[in-house]
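> any chance you can model this:
(one chain, ligands or ions: 1)
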Amino acid sequence: MHNEKIALVTGATRGIGLETVRQLASHGVHTLLAGRDRGRAVDAALALQAQGLPVEAIALDVTDADGIAAAAREVERRHGRLDILVNNAGIFRDDFDKTPSGQTLEAWRETFDTNLFGVIATTQAFLPLLRKSAAGRIVNLSSALASLALHNDPASDIYDFKVPAYDASKTAVNAWTVHLAHELRDTPIKVNAVDPGSVKTDMNQHGELDIATGARGSVLMALLDEAGPTGSYTHQGEVLPW
Ligand code: NAP
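Numbering: from 1, shown residues only. Down below sits the predicted model:
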């Protein structure tokens, strides 16, 4: 059993998730690098271990109920609790050549399976372990694109950027965050949604921020102290409009 904090980051084989693992581990958090491909998760974890960081790999596909349950049992067996869950895994399936009304239902379903139902299923499975933490933290990767207020504001940067399956999946993540935060309001567990910003990753080749900057919001919310918010929606600590 470790005395240090224990974190798990989903979708951590690349992009913001991998960097979130690196930053959390650099803060001394024992971090489980979760990937849907066990081999790639092990390779990524070994590379960080080689830098002296406290990282271990775990297999977790957020769309695989049996796999999620097995991962939760593995964390229970190895550590007995979880202090930080970062729901980072996400996909983008909208077709830029199609209008909002022209996106396929398949794209909608795939997006919601990973971005929303994957977050809920993973959280449900790990909540018993988070309840064993003295100060549980749940961080849900949202997006500025989740904001209905910004989408309706002609002056906002995202006004003309409408990718509805992705956007709505993240709006639903925000709703889930608020509901779960309310359920857990009398516990030490804090639940927050984070917009990493427009980050240069495989998902967003036109991103403006580097990955290290993009991961900072997740790390900030993962390491919140007792005075920190719950049920919030922020970018680098700044509150965003719903
Ligand atoms: P990315 O580079 O495309 O990485 C996505 C990660 O999610 C990959 O590690 C991928 O695993 C994993 N993943 C996908 N489906 C999964 C599943 N079913 N189970 C487990 N893992 C799965 O994306 P990113 O830019 O780092 O995005 C990370 C998060 O930030 C996402 O939730 C995204 O929506 C959000 N976000 C990103 C931006 C941005 O500008 N980049 C902006 C706002 C929000 P594989 O390696 O196995 O494919």
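
> for the chain, what spans make up the helices?
Counting by DSSP state H, one finds helices in the chain at the ranges 15-26, 38-49, 65-79, 105-112, 118-130, 148-151, 164-183, 211-222.

> highest mean neighbour count out of those?
Stretch with highest mean neighbour count among the helices of the chain: helix 15-26 (a mean of 25; mean count of other Cβ atoms under 10 Å). C-beta coordinates here come from the backbone N, C-alpha and C atoms, glycine included.

> who in this structure is up against the ligand?
Residues of the chain that fall close to the ligand, judged by Cβ under 6 Å from any ligand atom: 10-11, 13-17, 35-37, 61-63, 88-91, 114, 118, 141, 143, 195-196, 198-199, 201-204, 207.

> mind giving me the ChimeraX select for the residues you listed, buried ones only?
In ChimeraX syntax, the buried subset of those is picked out as below (16 or more other Cβ atoms under 10 Å):
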select :10,11,13,15,16,17,35,36,61,62,63,88,89,90,91,114,118,141,143,195,196,198,199,201,204,207
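
> list the ones among the residues of the chain next to the ligand that fall in strands.
Of the residues of the chain next to the ligand, the ones assigned to strands by DSSP state E are G35, L141.

> ok, and the closest non-adjacent residue to T114?
I91 (4.7 Å; Cβ to Cβ, 6 or more residues apart in numbering).

> for I158, same thing?
L150 (5.2 Å).

> list the contacts of the one you found.
Taking Cβ atoms under 8 Å, 6 or more residues apart in numbering as the criterion, L150 is in contact with A144, S156, D157, I158, Y159, L240, P241.

> same thing with Q23?
Neighbouring residues of Q23 by Cβ under 8 Å, 6+ apart: A212, A215, R216, V219.
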